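K.L.:
Take this sequence and fold it.
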Amino acid sequence: MTTLTTDRFIEAFAAQLIEKGYLVLRLNDPKVRERLLGVYEFLDEEINAAHKDVDRDWGRSLINIRNLFQPSPIGSFDKFEAMMRSRQVYLTEHPNPYYQDIVFRLPAAAAASIIQSLETPLRNLVGRTVDRYLEREKVDA
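P.N.:
Next comes the predicted model:
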C-alpha cells in the first residue's frame, strides 16, 4: 500500500470537512476536543487492526498520522493545531481575527479535487477518519 504523509493527510482531512459543509474548527470547544480525541482513538484502532496485515511504510504512516492527534497532558491538540496553522497560506483563513478558530478558505471544488487525487485506500482512510470525527455529538466542527 502507498504511504500517506502527515501533510497530505491534514490537507485531505480539511478537504473532507469542507466537502461535508464544515468550514470552522473551534479549537477551544470541549466537544471539538472530544472529537479530536475520537480521531486519535480511531487511528489507534486502525494501527492495532492493521499491525500484522500491512507493510512497514503504511504502518509508519498510520503511526505518524495518529501522533498528530495525540492530546498533550493538558488536553490540547498542539501538533494538530500546528499543522493546521502551517497551512494558513492556502488552506485556512489568514489572518484570522479569532485565533482559536481555524477557518477553512479552500473552495469546495479544490477540496473535492484533493480528495479525488488520493488513491482509494487513502481516500477511504480519510473518509472514515472524518466520519469518526463527525459521529460525536453535533457541534460547529
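K.L.:
Just give me the longest helix of this protein.
P.N.:
Using DSSP state H, we find that the single longest helix of the chain is helix 30-50.
K.L.:
Identify each buried residue in that one, please.
P.N.:
For helix 30-50, the neighbour count (16 or more other CB atoms under 10 Å) marks 32-33, 35-40, 42-43, 46 as buried. C-betas here are computed from N, CA, C, even on glycine.
K.L.:
okay if I get those residues as JSON lines plus pLDDT?
P.N.:
Shown next, in JSON lines, are the buried residues of helix 30-50 (pLDDT from 0 to 100):
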{"residue": "V32", "pLDDT": "91"}
{"residue": "R33", "pLDDT": "91"}
{"residue": "R35", "pLDDT": "94"}
{"residue": "L36", "pLDDT": "94"}
{"residue": "L37", "pLDDT": "94"}
{"residue": "G38", "pLDDT": "94"}
{"residue": "V39", "pLDDT": "95"}
{"residue": "Y40", "pLDDT": "96"}
{"residue": "F42", "pLDDT": "95"}
{"residue": "L43", "pLDDT": "94"}
{"residue": "E46", "pLDDT": "89"}
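K.L.:
Just put those residues in a markdown table and tack on distance to T5.
P.N.:
Below are these laid out as a markdown table (distance: CB to CB, whole Å):
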| residue | distance to T5 |
| --- | --- |
| V32 | 24 |
| R33 | 25 |
| R35 | 23 |
| L36 | 19 |
| L37 | 23 |
| G38 | 22 |
| V39 | 17 |
| Y40 | 18 |
| F42 | 19 |
| L43 | 15 |
| E46 | 16 |
